[in-house]
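[1] Below are the sequence and a predicted model; questions follow.
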Amino acid sequence: MSTENGSRAGAGSGSGTEIGAGASSGRNPRHWAVVPAAGAGRRFGGPVPKQYLELCGRCVIEHSLATLLEHPAVDGCVLALSAEDEWWTDTAYASHPAVQRIAGGTERSDSVANALEALSEYADEHDWVLVHDAARPCLTRSDLDRLIAALGDGSAGDGSAGALLAVPVHDTVKVADAASGDRVLRTVPREQLWRAYTPQAFPLGTLRRALARARDQGSAITDDASAIEQLGLRPLLVSGRSDNLKITRPEDLPLAQFFLEQQQEQGLR
Ligand code: CTP
Ligand code: MG
């Protein structure tokens, strides 16, 4: 986390925030993490949401936040939590001065939109917002560096389309016939196919407009880039590590453990 210009710090539960105390106009855009963590983990199941399950001595969300909060370019983090959340206060970051907790929404995109609204109180609309799933604990510093570098060197384009971590598809991909649901209709050429990961980074103002438009049009948005694409913009695909998986089903948790252990052995965390 940056300490320059006194621009970071203190939010706790959202009151008395010092995040963004430094004026941003006339300076380079800052970088803010937005972490949607208000999901119930229905596909995973169980009484405790997946972001709070134990993984290599910490809980999932602690790993996800650590990479973001330890990065020197990241000025602060807005975290969207469910109203029913009874686990966050027991985590290591519960009273971290640069984490602002806000209420999530019904869908992931509502949680992100709520976080952006809170961020707009102190961030500039040209600042970068890095949206990262709480359920992705294996994000490495090197992938985050690569994403931030793509924003900084202008390769993310005209400055408004942003960039996302993504991984080329190596499997052969089939399209099922709509009527049967399980009969192959055709095979999709995979050369241009990528799996979209997070973080995904966009200027705050552009992402706010994109999500508001998607909501007004009733479009189902499963990642932030989709909303940006609907504005006619073309985010940059930044090739990332395939171990940055999203924990979705129970079998993903031991995989994440394996990846974290491998990363530790290789000095990547
Ligand atoms: N998320 C959120 N608000 C929601 C739904 C999801 O903040 N209303 C967050 C989740 O906590 C997760 C991320 O968005 O960190 C990605 O969503 P997903 O993997 O779908 O998690 P869940 O919605 O919790 O899982 P499921 O869809 O299986 O219920
Ligand atoms: Mg979900």
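    Thanks, I have it. Ligands and ions are numbered 1, 2, ... in the order given.

[2] Does the top strand by length along the chain reach ligand 1?
    Taking DSSP state E as the criterion, the chain has its longest strand at strand 194-203. No. Judged by Cβ under 6 Å from any ligand atom, strand 194-203 makes no contact with ligand 1; its nearest approach is 8.3 Å. To be clear about C-beta, it is placed using only N, CA and C from the backbone, and glycine gets the same treatment.

[3] which is the next helix or strand following that strand?
    Beyond strand 194-203 in the direction of the C-terminus, DSSP states H and E gives the next helix or strand as helix 204-217.

[4] Can you list the helices and strands that that next one packs against?
    helix 108-119, strand 128-131, helix 224-229 (3 or more Cβ pairs under 8 Å, 6 or more residues apart in numbering; DSSP states H and E).

[5] about what we covered before: next, the angle from the longest strand of the chain to helix 108-119.
    Angle of strand 194-203 versus helix 108-119, following axes from the mean of the first three to the mean of the last three Cα atoms, to 10 degrees, is 20 degrees.

[6] Strand 194-203 to helix 204-217, inter-axis angle?
    Going by the same axes, to 10 degrees, strand 194-203 makes 120 degrees with helix 204-217.

[7] so can I have TSV of the helices and strands packed on helix 204-217 showing mean neighbour count?
    TSV is the format used below for those (neighbours: other Cβ atoms under 10 Å):
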stretch	mean neighbour count
helix 108-119	23
strand 128-131	28
helix 224-229	24
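
[8] Which among those is found nearest to residue 169?
    The closest of these to residue 169 is helix 224-229. By Cβ to Cβ, the value is 15.7 Å.

[9] tell me the mean pLDDT over that closest one?
    Here helix 224-229 scores 97 as its mean pLDDT.

[10] so what does that helix touch, helix or strand wise?
    The criterion is 3+ Cβ pairs under 8 Å, 6+ apart, and the helices and strands that helix 224-229 contacts are helix 108-119, strand 194-203, helix 204-217.

[11] re the thing from before, could I get the helices and strands packed on helix 204-217 as a markdown table with distance to ligand 1?
    As requested, those are exported to a markdown table (distance: least, Cβ to the nearest ligand atom, whole Å):
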| stretch | distance to ligand 1 |
| --- | --- |
| helix 108-119 | 3 |
| strand 128-131 | 9 |
| helix 224-229 | 11 |
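
[12] sorry, back to before: and the helices and strands packed on helix 224-229 as JSON lines, adding distance to residue 100?
    Listed next are the helices and strands packed on helix 224-229 as JSON lines, based on distance: least, Cβ to Cβ, whole Å:
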{"stretch": "helix 108-119", "distance to residue 100": "6"}
{"stretch": "strand 194-203", "distance to residue 100": "17"}
{"stretch": "helix 204-217", "distance to residue 100": "14"}
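
[13] Please consider this matter closed, and thank you.
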